[in-house]
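Q: sharing a sequence plus its predicted fold:
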Amino acid sequence: MSLDRVLEELPAFSVAERQLLIRRALEIDELSLAPEEEKLIASRLEDHRRDPSSVVSFDEMKRALRSRFVK
């Protein structure tokens, strides 16, 4: 079905159908993480929960990256 046809038919959809269409469209664009990436994120989050003082502010991170990569 063409995009033009979908747009033409859209007003006939119920609110629930339009919401479902929107949710489905957003799901298609979601990037999924590899299992290793999920484990790494979970591990780092757990480390942070154990020691919240171990964080670096966004501004500190930007300064560090700029000093390293922007010359």
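A: Yep, that arrived.

Q: helices of this structure, start to end?
A: Using DSSP state H, the helices of the chain run over 3-9, 15-29, 35-50, 58-69.

Q: turn those helices into CSV, including mean neighbour count and mean pLDDT.
A: Every C-beta, even on glycine, is put in place using the N, C-alpha and C of the backbone. CSV is the format used below for the helices of the chain (neighbours: other C-beta atoms under 10 Å; pLDDT from 0 to 100):
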stretch, mean neighbour count, mean pLDDT
helix 3-9, 9, 90
helix 15-29, 9, 88
helix 35-50, 10, 93
helix 58-69, 10, 91
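
Q: how long is stretch 49-59 from one end to the other?
A: Distance between the boundary residues of stretch 49-59 (C-alpha to C-alpha, to the nearest Å) amounts to 21 Å.

Q: what's around Val56, how many residues?
A: 9 (other C-beta atoms under 10 Å).

Q: can you list phi and psi of it for me?
A: phi -120, psi 130 (degrees, to the nearest 10).

Q: so who does it touch?
A: Applying C-beta atoms under 8 Å, 6 or more residues apart in numbering to Val56 gives the contacts Ala64.

Q: find me the pLDDT at it, would you?
A: pLDDT, Val56: 87.

Q: distance check, it against Leu7.
A: For Val56, the distance to Leu7 equals 46 Å [C-beta to C-beta, to the nearest Å].

Q: kindly report the same for Arg66.
A: Taking C-beta to C-beta as the measure, Arg66 falls 44 Å from Leu7.

Q: again, but for Gln19
A: 17 Å.

Q: give me the number of residues near Ser2?
A: For Ser2, using other C-beta under 10 Å, the count is 7.

Q: phi and psi next, for it.
A: Dihedral angles for Ser2 - degrees, to the nearest 10 - are phi -80, psi 160.

Q: distance of the residue of the chain lying at maximal distance from its centre relative to Arg18?
A: Going by C-alpha atoms, centre = their mean, the residue of the chain most distant from its centre is Ala12, 31.2 Å out. Distance of Ala12 to Arg18, computed by C-beta to C-beta: 10 Å.
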